[in-house]
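1. coords below, sequence missing:
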(Lines give C-alpha, C1' and ligand atoms only; values in the text may rest on other atoms or scores of the structure.)
Protein backbone atom coordinates (compact mmCIF):
# COMPACT_ATOMS: atom_id res chain seq x y z
CA UNK A 1 0.00 0.00 0.00
CA UNK A 2 1.43 3.39 -0.94
CA UNK A 3 1.67 6.28 1.49
CA UNK A 4 -1.34 8.17 0.10
CA UNK A 5 -3.52 5.07 0.51
CA UNK A 6 -2.26 4.72 4.09
CA UNK A 7 -3.12 8.36 4.76
CA UNK A 8 -6.64 7.84 3.46
CA UNK A 9 -7.06 4.74 5.63
CA UNK A 10 -5.82 6.68 8.67
CA UNK A 11 -8.26 9.50 7.94
CA UNK A 12 -11.12 7.00 7.60
CA UNK A 13 -10.16 5.36 10.88
CA UNK A 14 -9.77 8.62 12.82
CA UNK A 15 -12.84 10.41 11.45
CA UNK A 16 -15.15 7.41 10.97
CA UNK A 17 -16.09 9.00 7.63
CA UNK A 18 -15.75 7.89 4.05
CA UNK A 19 -12.83 9.83 2.60
CA UNK A 20 -13.41 10.54 -1.06
CA UNK A 21 -11.56 13.77 -1.63
CA UNK A 22 -9.07 15.27 -4.07
CA UNK A 23 -5.53 15.34 -2.67
CA UNK A 24 -5.48 19.16 -2.68
CA UNK A 25 -8.99 19.67 -1.26
CA UNK A 26 -9.34 21.01 2.28
CA UNK A 27 -10.06 18.29 4.82
CA UNK A 28 -11.46 20.95 7.16
CA UNK A 29 -13.70 22.77 4.68
CA UNK A 30 -15.05 19.46 3.39
CA UNK A 31 -16.04 18.47 6.93
CA UNK A 32 -13.84 15.37 7.01
CA UNK A 33 -11.53 16.75 9.68
CA UNK A 34 -12.07 19.22 12.52
CA UNK A 35 -9.95 20.63 15.31
CA UNK A 36 -11.13 17.92 17.70
CA UNK A 37 -10.00 15.11 15.38
CA UNK A 38 -6.64 16.72 14.54
CA UNK A 39 -4.80 15.41 17.65
CA UNK A 40 -6.12 11.90 16.92
CA UNK A 41 -4.89 12.18 13.34
CA UNK A 42 -1.47 13.35 14.51
CA UNK A 43 -1.22 10.43 16.96
CA UNK A 44 -2.13 7.98 14.21
CA UNK A 45 0.45 9.52 11.86
CA UNK A 46 3.11 9.29 14.56
CA UNK A 47 2.34 5.63 15.12
CA UNK A 48 2.06 4.65 11.43
CA UNK A 49 5.14 6.49 10.21
CA UNK A 50 7.30 6.18 13.37
CA UNK A 51 7.79 9.91 13.75
CA UNK A 52 7.29 12.41 16.55
CA UNK A 53 5.22 15.48 15.77
CA UNK A 54 5.85 18.27 18.29
CA UNK A 55 2.87 20.06 19.79
CA UNK A 56 4.13 23.25 18.17
CA UNK A 57 3.36 21.65 14.79
CA UNK A 58 -0.32 21.09 15.62
CA UNK A 59 -1.33 23.76 13.16
CA UNK A 60 -4.37 22.88 11.03
CA UNK A 61 -2.64 24.52 8.05
CA UNK A 62 0.02 21.77 8.07
CA UNK A 63 -2.71 19.12 7.86
CA UNK A 64 -5.13 21.00 5.57
CA UNK A 65 -5.14 18.43 2.77
CA UNK A 66 -3.72 15.05 1.88
CA UNK A 67 -1.05 16.81 -0.18
CA UNK A 68 -0.06 19.02 2.77
CA UNK A 69 0.16 16.00 5.05
CA UNK A 70 2.43 14.31 2.50
CA UNK A 71 4.60 17.45 2.31
CA UNK A 72 4.79 17.52 6.09
CA UNK A 73 5.79 13.85 6.26
CA UNK A 74 8.48 14.51 3.63
CA UNK A 75 9.84 17.35 5.77
CA UNK A 76 10.05 15.03 8.80
CA UNK A 77 11.96 12.29 6.96
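-> On my side now, so go ahead. Being a predicted model, the structure only gives us computed values, none of them experimental.
2. burial count for the nearest residue to residue 66 once chain neighbours are set aside?
-> With Cβ to Cβ, 6 or more residues apart in numbering as the criterion, residue 66 has its nearest non-adjacent residue at 4.4 Å, and that residue is residue 23. All C-beta spots, glycine's among them, are computed from the backbone N, C-alpha and C. Using other Cβ atoms under 10 Å, residue 23 has 13 neighbouring residues.
3. again with residue 62
-> Quick note: residue 62 (other Cβ under 10 Å) scores 15 neighbours.
4. Check whether residue 39 really touches residue 57, as I assumed.
-> No - Residue 39 lies out of contact with residue 57 (Cβ atoms under 8 Å); the separation is 11.5 Å.
5. rewinding a little: which ones are touching the residue nearest to residue 66?
-> 4, 65-67, 70 (Cβ atoms under 8 Å, 6 or more residues apart in numbering).
6. can you tell me the average pLDDT over stretch 61-77?
-> Throughout stretch 61-77, pLDDT has a mean value of 93.
7. and what of stretch 29-37?
-> Per-residue pLDDT over stretch 29-37 has a mean of 93.
8. Compute the number of surrounding residues for the nearest residue to residue 33 once chain neighbours are set aside.
-> The shortest distance from residue 33 to any residue other than its chain neighbours is 3.9 Å, reached at residue 27 (Cβ to Cβ, 6+ apart). For residue 27, the neighbour count with other Cβ under 10 Å is 23.
9. which residues in the protein form helices?
-> 3-15, 38-49, 66-76 (DSSP state H).
10. Nearest approach to residue 31 belongs to which of those helices?
-> helix 3-15 (9.2 Å; Cβ to Cβ).
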